[in-house]
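Peer 1: I'll drop the sequence and a predicted model, then ask my questions.
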Amino acid sequence: MARFSIYFATDVHGSEPCFRKFLNAGRFYGVDAVILGGDIAGKALVPVVAGAGGTWDARFFGRPTHLESEDELKDFEARVRGMGFYPYRTTADELAEIDRDPQHLDRAFARAIGESVERWVEMADERLREAGLPCLVMPGNDDPPLVRDVLERAGWLVQAEERVVELGPYQVLSLGYSTPTPWASPREITEDEMRGKLRALAAQLEPGKPVIFNLHNPPFDTAVDRAYRLTDDLRIQTAGGEPVLAPVGSRAVREAIEEVQPFLSLHGHIHESRGMTTLGRTRVCNPGSQYTEGTLAGVILSLDGDRLKAHKFVMG
């Protein structure tokens, strides 16, 4: 079996610079395929309200911003997109309507996500097709259902979730849901539901062909599922002045890895838990995420048959 290389990244959360870097990563690192492992959409709208004389006003991270020209507005919008949010040009009247009707905000947010993901898919289809570079993408727990719908319509990139997909000499089993979190994100399921979905997917695997797992949720109690422990009011717990880390991964994911023993298992979800570890014969990887800084965290995986020959965490 010929050697094969993959660039894997995850959790871009709407960051325009991170996604553009992902599209360029395959060529830059000279790999055979790229995988984006979930949590594609941004987290919130940032209203930018039209004022008198072509001016605009916004509030970003609690700080008021006054913009005097179209150039200043475009610079501000680029900065907002770079941090994974959606600038939303609006009026004082519409902003008042949003305050009165939360569903108005939900519709505007969904529209912004849909337009952004559609544009990203078009970019990916054009650039990756030109490069002849296979690409698997799936939604994560923070992505509303419409993200998967848009990915399903892609021409070149492959929406991989809840499928077993051939990638070079490998079969990749993908699932982007997570078990419950403190934030009640759009796509959370119970451990039992996770277990059921993973068993149904594992039943589709072809015997004798090397397996890669692409599961957004990391396995419980490993080096790649450590997150900051939170208080009931969602503040980070500390001990001796240092933040306390605790395992928050999925027990069902761990069970699936231990039962199937893919030679490689790729994860995200826990941004602060970048690392590589082992469960049985399975190498388990989480490249982490620094999307708020516009920095794309990824990993280059060099494969040789059914083993991981080498890996390198990279930042860009």
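Peer 2: That came through fine. Note that this is a predicted model, so its numbers are computed, not measured.

Peer 1: Give me the nearest residue to S178, chain neighbours excluded.
Peer 2: N141 (3.6 Å; Cβ to Cβ, 6 or more residues apart in numbering). (Glycine included, C-beta is placed from N, CA and C.)

Peer 1: tell me, how many neighbours does the one you found end up with?
Peer 2: The local packing of N141 (other Cβ atoms under 10 Å) involves 22 other residues.

Peer 1: Then C135?
Peer 2: 24.

Peer 1: Correct me if wrong: it contacts D32.
Peer 2: No. Applying Cβ atoms under 8 Å, one finds C135 not in contact with D32, separated by 11.1 Å.

Peer 1: what packs against the lengthiest helix in the chain?
Peer 2: Longest helix of the chain, by residue count under DSSP state H: helix 102-131. Here helix 102-131 touches helix 16-29, strand 45-50, strand 86-90, helix 92-100, strand 135-137, helix 145-152, going by 3 or more Cβ pairs under 8 Å, 6 or more residues apart in numbering; DSSP states H and E.

Peer 1: most packed of those?
Peer 2: strand 135-137 (a mean of 25; mean count of other Cβ atoms under 10 Å).

Peer 1: name the helices or strands packed onto it?
Peer 2: So strand 135-137, by 3+ Cβ pairs under 8 Å, 6+ apart, packs with strand 33-36, helix 102-131, strand 158-159.

Peer 1: I'd like these laid out as a markdown table, including mean neighbour count and mean pLDDT.
Peer 2: Shown next, in a markdown table, are the helices and strands packed on strand 135-137 (neighbours: other Cβ atoms under 10 Å; pLDDT from 0 to 100):
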| stretch | mean neighbour count | mean pLDDT |
| --- | --- | --- |
| strand 33-36 | 27 | 98 |
| helix 102-131 | 16 | 95 |
| strand 158-159 | 20 | 98 |
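
Peer 1: Of all these, which one is nearest R307?
Peer 2: strand 33-36 (17.1 Å; Cβ to Cβ).

Peer 1: and the closest one, how far from the chain's centre?
Peer 2: 12 Å (Cα atoms, centre = their mean, to the nearest Å).

Peer 1: Domain map for this structure?
Peer 2: Per the record, the chain has its domains at 3-42+120-315, 45-105, by automatic domain parsing.

Peer 1: among those, which is the most enclosed?
Peer 2: Scoring those by mean count of other Cβ under 10 Å, the most buried comes out as domain 3-42+120-315, with a mean of 19.

Peer 1: First-to-last residue distance for it?
Peer 2: The first residue of domain 3-42+120-315 is 24 Å away from its last residue (Cα to Cα, to the nearest Å).

Peer 1: Just give me the lowest mean pLDDT stretch among the helices and strands packed on helix 102-131.
Peer 2: Of all the helices and strands packed on helix 102-131, mean pLDDT reaches its minimum on helix 92-100 (a mean of 91).

Peer 1: circling back to that earlier point, same list, the helices and strands packed on helix 102-131, but as TSV with distance to R235 please.
Peer 2: Shown next, in TSV, are the helices and strands packed on helix 102-131 (distance: least, Cβ to Cβ, whole Å):
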stretch	distance to R235
helix 16-29	27
strand 45-50	24
strand 86-90	27
helix 92-100	27
strand 135-137	34
helix 145-152	30
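
Peer 1: G168 is nearest to which of the ones you listed?
Peer 2: Of all the helices and strands packed on helix 102-131, strand 135-137 comes closest under Cβ to Cβ, at 11.1 Å.

Peer 1: Tabulate the domains of the chain in a markdown table, adding columns for distance to R111.
Peer 2: Below are these laid out as a markdown table (distance: least, Cβ to Cβ, whole Å):
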| stretch | distance to R111 |
| --- | --- |
| domain 3-42+120-315 | 10 |
| domain 45-105 | 9 |
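
Peer 1: For A112, which of those domains is the nearest?
Peer 2: By Cβ to Cβ (comparing all of the domains of the chain), the closest turns out to be domain 45-105, at 4.0 Å.

Peer 1: Isn't I40 up against L146?
Peer 2: No. Contact between I40 and L146 fails when scored by Cβ under 8 Å: they sit 11.0 Å apart.

Peer 1: what's the overlap in contacts for these two?
Peer 2: V117 (Cβ atoms under 8 Å, 6 or more residues apart in numbering).

Peer 1: any chance of the helices and strands packed on strand 135-137 in TSV, with distance to T10 too?
Peer 2: As requested, these are exported to TSV (distance: least, Cβ to Cβ, whole Å):
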stretch	distance to T10
strand 33-36	7
helix 102-131	15
strand 158-159	15
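
Peer 1: Nearest approach to P262 belongs to which of these?
Peer 2: Closest among these, using Cβ to Cβ: strand 33-36, at 13.8 Å.

Peer 1: Alright, I will stop here.
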